[in-house]
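Novice: based on what follows, work out the 3D shape:
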Amino acid sequence: MNPKEEKTLVLIKPDGIKRGLIGEIIHRFEQRGLKVIALKMVRANENQVDEHYPKDEKWIKRLGEKTLASYEKYGYDPIKEMGTNDPEKIGLEVRKWLINYMISGPLIKMVVQGIHAIDMVRKIVGPTLPVNAEMGTIRGDFSVDSPDAANREKRAIHNIVHASETPEEAEHEIIFWFSPEEIYEYKRAEEDMMF
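Specialist: Now for the predicted structure:
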């Protein structure tokens, strides 16, 4: 595949929509020379979001381990807070929080294309945890949520956007959220100058 044709999935989450950040988020991708080749607002149901997030034990355990690390960092007892310190059980619970968050309002789903689109979008978006996101990234500029607050309130972190992390994840997510007829090819006017 030509590097200019790399594609990735972006979801603007309910908090990004409710805060009126749709245009700002799209602008940041387009500003970097990336192009939006599919775009739609949807109200996802529980089954769709359940199918979006991985169900494999490794991913769930990693989710639980991240939560346990957050509890340790902020001095909270996971047994007192969650009733367990088993990373798989905690991961399953956090996955439920993610699903509830994603169905709490409409989403914007889009496919973004361009050179190193996956890495570029992740760079523009910033790290998953807003507290670690630098100013100038979407999460660094617009999200103030923390794992500490989210875990204590038993909810997902409100971090505005989802962006595929790997080529395999991007391919799976694009096919899951869009039919081939919903994805458009076109040339941006400045492509010949930029690349």
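Novice: so, low pLDDT: which residues of the protein?
Specialist: 1, 3, 193-195 (pLDDT under 70).
Novice: domain map for it?
Specialist: 1-43+106-195, 45-104 (automatic domain parsing).
Novice: pipe those into JSON lines and attach mean neighbour count per row.
Specialist: Heads up, the C-betas are built off the backbone N, CA and C, glycines and all. Shown next, in JSON lines, are the domains of the chain (neighbours: other Cβ atoms under 10 Å):
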{"stretch": "domain 1-43+106-195", "mean neighbour count": "17"}
{"stretch": "domain 45-104", "mean neighbour count": "16"}
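Novice: ok, then the element right after the longest helix anywhere in the chain?
Specialist: If you go by DSSP state H, the chain has its longest helix at helix 57-74. Using DSSP states H and E, the helix or strand that follows helix 57-74 in sequence is helix 78-82.
Novice: contact partners of that following helix?
Specialist: With contacts defined as Cβ atoms under 8 Å, 6 or more residues apart in numbering, helix 78-82 is touched by 67-68, 71, 84-85, 89-90, 93, 151-152.
Novice: could you give the separation of it from the chain centroid?
Specialist: 26 Å (Cα atoms, centre = their mean, to the nearest Å).
Novice: now it - C-alpha only, CSV.
Specialist: C-alpha atoms of helix 78-82 as CSV (Å, rounded to 0.1, in the frame of the first residue of the first chain):
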residue,chain,number,x,y,z
PRO,A,78,-8.6,-1.7,44.8
ILE,A,79,-10.3,-4.2,47.1
LYS,A,80,-12.1,-1.4,48.9
GLU,A,81,-12.9,0.4,45.7
MET,A,82,-13.7,-2.6,43.3
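Novice: what's the very next helix or strand once past it packed up against?
Specialist: Using DSSP H and E, the next helix or strand after helix 78-82 towards the C-terminus is helix 87-102. Judged by 3 or more Cβ pairs under 8 Å, 6 or more residues apart in numbering; DSSP states H and E, helix 87-102 is in contact with helix 46-52, helix 57-74, helix 78-82.
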